[in-house]
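J.: For reference, the sequence and a predicted model appear below.
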Amino acid sequence: MSDTKSGDDKTLSVTPKKTLTLKRPGVEQSTVRQNFSHGRTKSVVVETKRKFIKPGEKPEPVAVFTPRPTPAAIAAAPAPAAPEPRTPAPPPPAPPPQERMVLNELSRGEMEARRRALEGSQAREAEDRARAAEDAKRRAEEDERRKREREESARRQAEEEARLKAEAESRRRAEEEARRRAPQTAEAAGGDEEEARPRGRGPVAPMRRPVAPEVARPARTKGEADRRQGKLTLNSALSSEDGDARARSLAAMRRRQEKFKRAMHNEPREKVMREVTIPETITIQELAQRMSERAVDVVKFFMKQGQIMKPGDVIDADTAELVASEFGHTVKRVAESDIEEGLFNIPDREEDLVSRPPVVTIMGHVDHGKTSLLDAIRNAHVQSGEAGGITQHIGAYQVEKNGQQITFIDTPGHAAFTAMRARGAQSTDIAVLVVAADDSVMPQTVESINHARAAGVPIIVAINKVDKHEANPQKVRTQLLQHEIVVEEMGGETLDVEVSAKTGAGIDKLLEAILLQAEILDLKANPDRTAEGVVIEARLDKGRGPVATVLVQTGTLLPGEILVAGNEWGRVRALVNDRGEQVKEAPPAMPVEVLGLQGTPQAGDRFAIVNNEARAREITEYRQRLARDKAVAKHAGQRGSLEQMMSQLQQAGTKEFPLIIKGDVQGSIEAIDAALEKLGNDEVRARIVHSGAGAITESDVTLAETSGAAIIGFNVRANAQARQAAEQADIEIRYYNIIYNLVDDVKAAMSGMLSPERRETFIGNAEILEVFNITKVGKVAGCRVTEGKVERGAGVRLIRDNVVIHEGTLKTLKRFKDEVPEVPVGQECGMAFQNYENIQVGDIIECFRVEMVTRTL
Ligand SMILES: Nc1nc2c(ncn2[C@@H]2O[C@H](COP(=O)(O)OP(=O)(O)OP(=O)(O)O)[C@@H](O)[C@H]2O)c(=O)[nH]1
């Protein structure tokens, strides 16, 4: 049987020290494990009670055994001693002479162990006592230090206050002094100010900006006082209870001091410069948050710029960037287009690439024969054996030459289609530049050259109309030199072909030239992958719903796939080629009509295939949101910066001509929009309330009604309900099929809104020779017409010494006794002014006619 000391024994460490209360006066405790035969053990708590002895008395150590209340232990215990309650035991009968032991039959080892346990326990107690004393000392020191600090801070505040007062006083005196001594030189005045500043005290900053500290100081003191006196907080309650020891934490004190110092020195809080991430659009609130600025400060900034904004307002990235840099932050522009990651430009392996047909766009000046050429090519070269097939306009077509396909993008080359053409060039491999041989290089020819160059697309020159007798192809070639287009014949590398769209001459050669150029370009695509491409045209078809003509640029498009194009998506219901036939697939460079989209995408939108509807929805919703935000931001932007506001003020008198435009094809709507945008001047301009592809519906009429707009249908008609609604609401619907006519009409209508111009025509002058005062009539001037003639009813001005002193109308114009309508030059007459009599001999009467002229745009 052996005893173990409980100190390090984990099994015993749970012994509830608290219940055993080490601090019980005069009692020392430790736990001892006793081992018995057959592996039985028992834990006992040893309490050593010290007896307080009077001087002279002999100390009598006492050990009390408290058995653990485990049943096993109770059963196994050989009942060594009667269990004692935990209350301090009354001193037992005088022990035998063994020191500190009352147990019988303990071996030396056991006794030694117990002794060690008791000693350890004593040592611990001593340590605890020492620690407590140290803590108390530290606390006292801390309290003392805080007190000192508070006193110090109060002293400093008082000092600062006194100093500021002194400064203000001395400054006031200095100013007074300066005023007394005025006028003085600026230098002398500077010197005075220097004098006025208390020397060697305080920093220079408060002197430079003296107002802030003075204002800040009393406000702070008052605020603090109010806070302290007015409110009873837990803190204040405690601090009043046990002195000021617990009033404020040290950190709070420091913060307060820092703040105070800053206010004193008018130092701005140290600014943290951040890199602010700015998406395409952002709310002011969000921007402020990202800059760690207060939204109200950003709003204030806008206000200074003359814009009234709310924190919830959306601004575009450019504005946000400006704001961020004004606040001193750096900017990182990001596109929130992570969602589109992996949608486009999936790389292909070299070995998967195969040759594909070239995509050609025909460009050139108005009337140089683009449409005729496209038609000529198409009519002559629809795929062999299918010549009888019904061709339809889908915005692009393919022809076959020498067994090879060529894709033509069939967008008409009207001036207003510039935007479309620019997009066309992006999806194009080769640009055919049509120049009429009977004309010359024109502005749009140059524009086309620039578009092709910008897109990095090689040009083939088609010199058209060579059938005409006045055709001069050589002149065209020479003119092209000026624009750095050097055709082969002139020793350059640009292919040129003389053609006639009328007779069909040279068309084959042109196609061959295209194929040759394509060979040089070595155009390739991977047909064994999901399709990617571009929308050429999109429209709302009455029977088929939204229809988009797309050009597959890589991969193969199949029915059933989920296609995302711009803001729209849909499951491909059918693919229709340029001959109106349904096809099972659309390989690279093939233009097809896609049916099954949910909405009409925009011409020029890129399309791609996604795996599931959820992803398609996610992408299109994101794009729609983006478009919406952009529109809102644009709108907000219109409320604009100061410049914008000024221009708005200027425009305040601008009359708007609201229009709703519905068209058959997205491309034509864009063209109309662009053309109408150009109309107008400072006084009147067209405002397109809404435009879109599709028939004119009842909702268009409602919109027209609310916005006071006229409705224009381009190649579309209003449905019966819309017609009826328009009739009832008295809304005008106009139909057009030629853009020029549409634009001309709008122009004429807008001209009617221009205020007429006042035009003045000089008629004649008369000199006053005599002034008669006639009763009942008043003063009448006897004049001679010296220039032109004088007319009754015309405007007259009275001019004295070359100064106009009156402008009005004539009351009478008499020749002898008769009223006459006019008096020619050289004759004499009598004239009287309406409501004006201050006339003198020698005055000149100028006669003029005013016309109001209607203006046009
Ligand atoms: N004699 C002759 N006339 C031609 C030829 N090509 C086009 N034309 C005529 O030129 C005029 C304009 O031709 P378009 O094909 O409409 O010209 P465009 O460049 O498409 O014109 P926009 O669509 O207005 O830009 C038409 O009257 C054609 O008949 C040609 O090779 N020879």
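T.: Perfect, I can see it now.
J.: Doesn't residue 847 lie inside a strand?
T.: Yes. Following the definition DSSP: H, G, I helix; E, B strand; the rest coil, residue 847 is counted among the residues of a strand.
J.: interface residues of the chain facing the ligand?
T.: By the criterion of C-beta under 6 Å from any ligand atom, the positions of the chain lying close to the ligand are 364, 366-372, 412-414, 464-465, 467-468, 500-502. In short, each C-beta sits where N, CA and C put it, glycine included.
J.: In helices only, show me those residues.
T.: For those, membership in helices holds for 370-372, with DSSP state H as the criterion.
J.: Mind picking the one among those residues that's closest to residue 297?
T.: Distance to residue 297 across these (C-beta to C-beta) is lowest for residue 370, with 56.6 Å.
J.: how near is that closest one to residue 535?
T.: Using C-beta to C-beta, to the nearest Å, one gets 21 Å for the distance from residue 370 to residue 535.
J.: Same check on residue 312?
T.: Taking C-beta to C-beta as the measure, residue 312 and residue 535 are separated by 35 Å.
J.: Between the two, which is the more surrounded one?
T.: Under the criterion of other C-beta atoms under 10 Å, the comparison of residue 312 against residue 535 puts residue 535 first, with 27 against 10.
J.: so what's that one bridging to?
T.: The residues listed as beta-bridge partners of residue 535 by DSSP bridges are residue 550.
J.: Just after the lengthiest strand in the chain, pick out the following helix or strand.
T.: Scanning the chain for the strand with the most residues, using DSSP state E, yields strand 757-774. Read in the C-terminal direction, the helix or strand following strand 757-774 is strand 778-791, with elements assigned using DSSP states H and E.
J.: Just give me how far that following strand sits from the chain centre.
T.: Its chain's C-alpha centre and that of strand 778-791 lie 70 Å apart, by C-alpha atoms, centre = their mean, to the nearest Å.
J.: tell me the secondary structure for residue 807?
T.: strand.
J.: Point me to the helix or strand that includes the residue in the stretch 1-150 of the chain that the ligand sits nearest to.
T.: Across the stretch 1-150 of the chain, the shortest distance to the ligand (C-beta to the nearest ligand atom) belongs to residue 149, at 86.9 Å. Counting by DSSP H and E, the element that carries residue 149 is helix 108-181.
J.: on that earlier part again, save the ones in helices among the residues of the chain next to the ligand as JSON lines, and put in pLDDT too.
T.: Rendered in JSON lines, the data for these read as follows (pLDDT from 0 to 100):
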{"residue": "370", "pLDDT": "87"}
{"residue": "371", "pLDDT": "85"}
{"residue": "372", "pLDDT": "88"}
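J.: Scan these and report the most crowded one.
T.: With neighbours taken as other C-beta under 10 Å, the top of those is residue 370, carrying 27 neighbours.
J.: From residue 409, how far out is it?
T.: Taken as C-beta to C-beta, the span from residue 370 to residue 409 is 11 Å.
J.: Check residue 467 too.
T.: Between residue 467 and residue 409 the computed distance is 25 Å (C-beta to C-beta).
J.: Specify which residue of the two has the higher count of neighbours.
T.: Comparing residue 467 with residue 409 by neighbour count (other C-beta under 10 Å), the higher total belongs to residue 409, at 27 against 17.
J.: Show me what the more buried one is bridged to.
T.: Note on residue 409: beta-bridge partners by DSSP bridges are residue 361, residue 396.
J.: Quick check: it touching residue 363?
T.: No. Applying C-beta atoms under 8 Å, one finds residue 409 not in contact with residue 363, separated by 10.0 Å.
J.: so what's in contact with these two at the same time?
T.: Taking C-beta atoms under 8 Å, 6 or more residues apart in numbering as the contact rule, residue 409 and residue 363 touch no residue in common.
J.: Now for residue 563: which residues touch it?
T.: Residues in contact with residue 563, defined by C-beta under 8 Å, 6+ apart, are 557, 569-572, 594, 597, 607-610, 616.
J.: repeat that for 7 Å
T.: Neighbour list for residue 563: 569-570, 572, 594, 607, 609 [criterion: C-beta atoms under 7 Å, 6 or more residues apart in numbering].
J.: Among these, which one has the most neighbours?
T.: Ranked by neighbours (other C-beta under 10 Å), those are led by residue 594, which has 28 neighbours.
J.: Secondary structure element for residue 514, which one?
T.: Counting by DSSP H and E, the secondary-structure element that holds residue 514 is helix 507-521.
J.: Repeat that for residue 661.
T.: Here residue 661 sits within strand 655-663, counting by DSSP H and E.
J.: Please state the offset of that strand from the chain centre?
T.: The chain centroid and the centroid of strand 655-663 are separated by 28 Å, computed with C-alpha atoms, centre = their mean.
J.: Now do the helix or strand that it is followed by, average pLDDT.
T.: Once the chain leaves strand 655-663, the next helix or strand it forms, by DSSP H and E, is helix 666-678. Within the predicted structure, the mean pLDDT of helix 666-678 is 84.
J.: List the buried residues of helix 666-678.
T.: Residues of helix 666-678 classed as buried: 666-676 (neighbour count, 16 or more other C-beta atoms under 10 Å).
J.: What of stretch 687-702?
T.: Taking 16+ other C-beta under 10 Å as the criterion, stretch 687-702 shows 688-691, 693-694, 696-698, 700-701 as buried.
J.: Kindly indicate which of these lies nearest residue 522.
T.: Among the buried residues of stretch 687-702, and counting by C-beta to C-beta, the member closest to residue 522 is residue 693, at 37.5 Å.
J.: in the stretch 251-400 of the chain, which spans are strands?
T.: Across the stretch 251-400 of the chain, reading from the start of the chain, the strands by DSSP state E, counting those that start in this stretch fall at 275-278, 281-283, 314-316, 330-333, 354-355, 359-364, 396-401.
J.: For these, give me JSON lines that also has mean neighbour count and mean pLDDT.
T.: As requested, those are arranged in JSON lines below (neighbours: other C-beta atoms under 10 Å; pLDDT from 0 to 100):
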{"stretch": "strand 275-278", "mean neighbour count": "17", "mean pLDDT": "84"}
{"stretch": "strand 281-283", "mean neighbour count": "22", "mean pLDDT": "83"}
{"stretch": "strand 314-316", "mean neighbour count": "23", "mean pLDDT": "85"}
{"stretch": "strand 330-333", "mean neighbour count": "13", "mean pLDDT": "84"}
{"stretch": "strand 354-355", "mean neighbour count": "13", "mean pLDDT": "92"}
{"stretch": "strand 359-364", "mean neighbour count": "28", "mean pLDDT": "88"}
{"stretch": "strand 396-401", "mean neighbour count": "21", "mean pLDDT": "88"}
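J.: okay, the ones you listed in JSON lines with distance to residue 170 next?
T.: Listed next are the strands of the stretch 251-400 of the chain as JSON lines, based on distance: least, C-beta to C-beta, whole Å:
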{"stretch": "strand 275-278", "distance to residue 170": "45"}
{"stretch": "strand 281-283", "distance to residue 170": "50"}
{"stretch": "strand 314-316", "distance to residue 170": "49"}
{"stretch": "strand 330-333", "distance to residue 170": "44"}
{"stretch": "strand 354-355", "distance to residue 170": "91"}
{"stretch": "strand 359-364", "distance to residue 170": "80"}
{"stretch": "strand 396-401", "distance to residue 170": "86"}
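J.: Good, we can wrap up now.
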